[in-house]
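> can't give you the sequence, but here's the structure:
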Ligand SMILES: [Zn+2]
């Protein structure tokens, strides 16, 4: 889905997509037609709609601040953060570096729910101040929702924040990140099966529709546990490898002042790469995804240049040849471009893509399966 940039907050890009509008519409509708009229039946419909709108904006803001909590904590640990994404499924912060150690992971993971609980607490206090009925109702709903969000996220199952806190703590206690991942994946899976069973039982015996949601949550946790196992396998496969082992050396480059027309005719048509480093007088100045060049209407191909379309160096992911592959992976795969410039100072050494990493994983998986087929 196309992402829409909203702006910058706490120094990181905040983006969203259209699914957030669906969430907002659903929330406003649920609140103005059900929740608020049930609480204060004598308020006018206009007031209900206004309250529902304010509460929805407050809710989205709460989700955003939860993520800002993670981002600020990550920043304190010296981690790089690419941005915050808000969507129908909630929010998440995109980290482009790994957690330095267990305690850091626990602190970063805990910061989000802590913010939610704080916001919830403040909202409850506002509701208790009895300013006016509409204000009380909105504040108490926001209090309830944010406290629930904080508590729910602390459930110790990956990929929830509580699961990450637990992972960080076990990592610290065992001194072994891989062991922590195995244990946490196991706990996450147990929670997942428990919720699925509970949800189905609720639905079958009590006819409670919310049972479906409980089962769905369980399924979500099961997927999280699987991806935790996979990410651990990834780390093991990349162990000991450096960016230099994976990258493409001396890739096909383009210069910034070439027009899009010439770029397509002379380079893109014959080379068929998806992304090209842009080099100006020996200095790497950006990264040009073919897709961005092709988005320029044909009419303007002779006016627009590579410079107009490229992702400038400051915004492009950059890694060094000597970086450990495990550390470079988030920067490459966590970025929409799926590619990173490999630089030595300003000089281009190569280009590395998410596919280069995937290739290592596939070879590893193949090698591991081989003995079983003998
Ligand atoms: Zn969180």
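That came in fine, so what should we check first? Predicted, not measured: the structure shown is a model, and the values here were computed from it. Numbering: from 1, shown residues only.

> And the protein, what are its domain boundaries?
4-154, 174-238, 243-360 (automatic domain parsing).

> near the ion, which residues of the stretch 101-250 of the chain?
Contacts of the stretch 101-250 of the chain with the ion, taken as Cβ under 5 Å from the ion, map to 112, 161. (Glycine included, C-beta is placed from N, CA and C.)

> Please, where are all the helices along the stretch 101-250 of the chain?
Secondary structure of the stretch 101-250 of the chain (DSSP state H, counting those that start in this stretch): helices at 102-128, 133-153, 161-174, 177-201, 210-238, 243-246.

> Which elements pack onto the fifth one?
Packing partners of helix 210-238 (3 or more Cβ pairs under 8 Å, 6 or more residues apart in numbering; DSSP states H and E): helix 177-201, helix 325-333, helix 354-373.

> can you rerun that using 10 Å?
Of the remaining helices and strands, those touching helix 210-238 by 3 or more Cβ pairs under 10 Å, 6 or more residues apart in numbering; DSSP states H and E are helix 161-174, helix 177-201, helix 325-333, helix 354-373.

> now it, how far from the centre of its chain.
Centroid displacement of helix 210-238 relative to its chain, using Cα atoms, centre = their mean, to the nearest Å, is 15 Å.

> re the thing from before, could the helices of the stretch 101-250 of the chain go into JSON lines alongside distance to residue 307 and mean pLDDT?
Formatted as JSON lines, the helices of the stretch 101-250 of the chain follow (distance: least, Cβ to Cβ, whole Å; pLDDT from 0 to 100):
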{"stretch": "helix 102-128", "distance to residue 307": "37", "mean pLDDT": "95"}
{"stretch": "helix 133-153", "distance to residue 307": "43", "mean pLDDT": "92"}
{"stretch": "helix 161-174", "distance to residue 307": "41", "mean pLDDT": "93"}
{"stretch": "helix 177-201", "distance to residue 307": "42", "mean pLDDT": "89"}
{"stretch": "helix 210-238", "distance to residue 307": "34", "mean pLDDT": "80"}
{"stretch": "helix 243-246", "distance to residue 307": "26", "mean pLDDT": "90"}
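
> I'd like the ones you listed as JSON lines, with distance to residue 42 and mean neighbour count appended.
Converted to JSON lines, the helices of the stretch 101-250 of the chain look like this (distance: least, Cβ to Cβ, whole Å; neighbours: other Cβ atoms under 10 Å):
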{"stretch": "helix 102-128", "distance to residue 42": "19", "mean neighbour count": "20"}
{"stretch": "helix 133-153", "distance to residue 42": "9", "mean neighbour count": "19"}
{"stretch": "helix 161-174", "distance to residue 42": "40", "mean neighbour count": "21"}
{"stretch": "helix 177-201", "distance to residue 42": "37", "mean neighbour count": "18"}
{"stretch": "helix 210-238", "distance to residue 42": "29", "mean neighbour count": "17"}
{"stretch": "helix 243-246", "distance to residue 42": "66", "mean neighbour count": "19"}
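
> Just put these in TSV and tack on distance to residue 56.
Shown next, in TSV, are these (distance: least, Cβ to Cβ, whole Å):
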stretch	distance to residue 56
helix 102-128	14
helix 133-153	10
helix 161-174	23
helix 177-201	27
helix 210-238	20
helix 243-246	44
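
> Which one, of these, ends up nearest to residue 9?
Residue 9 lies closest, by Cβ to Cβ, to one member of the helices of the stretch 101-250 of the chain: helix 102-128, at 13.0 Å.

> OK, now which residue of the stretch 1-150 of the chain is nearest to the ion?
For the stretch 1-150 of the chain, the residue positioned closest to the ion under Cβ to the ion is residue 112, at a distance of 3.1 Å.

> Let me know the outermost residue of the protein.
residue 42 (42.6 Å; Cα atoms, centre = their mean).

> That one: what's it in contact with?
residue 133 (Cβ atoms under 10 Å, 6 or more residues apart in numbering).

> and it, how far is that from residue 103?
Residue 42 is 53 Å from residue 103, where distance means Cβ to Cβ, to the nearest Å.

> And the strands in the stretch 1-150 of the chain, which stretches?
4-9, 12-16, 81-87, 90-95 (DSSP state E, counting those that start in this stretch).

> So for the last one, what gets flagged as buried?
Looking back up the chat, that one is strand 90-95. Buried positions in strand 90-95, judged by neighbour count with 16 or more other Cβ atoms under 10 Å: 91-95.

> from the stretch 201-350 of the chain, which residue is nearest to the ion?
Proximity of the stretch 201-350 of the chain to the ion (Cβ to the ion) peaks at residue 224, 12.8 Å away.

> wait, what's in contact with that residue?
So residue 224 contacts 157-160, 163, 184-185, 188-189, 191-192 (Cβ under 10 Å, 6+ apart).

> and the spatially closest residue to it that is not a sequence neighbour, how many neighbours?
Computed as Cβ to Cβ, 6 or more residues apart in numbering, the closest residue to residue 224 that is not its neighbour in sequence is residue 159, at 3.7 Å. By other Cβ atoms under 10 Å, 16 other residues sit near residue 159.
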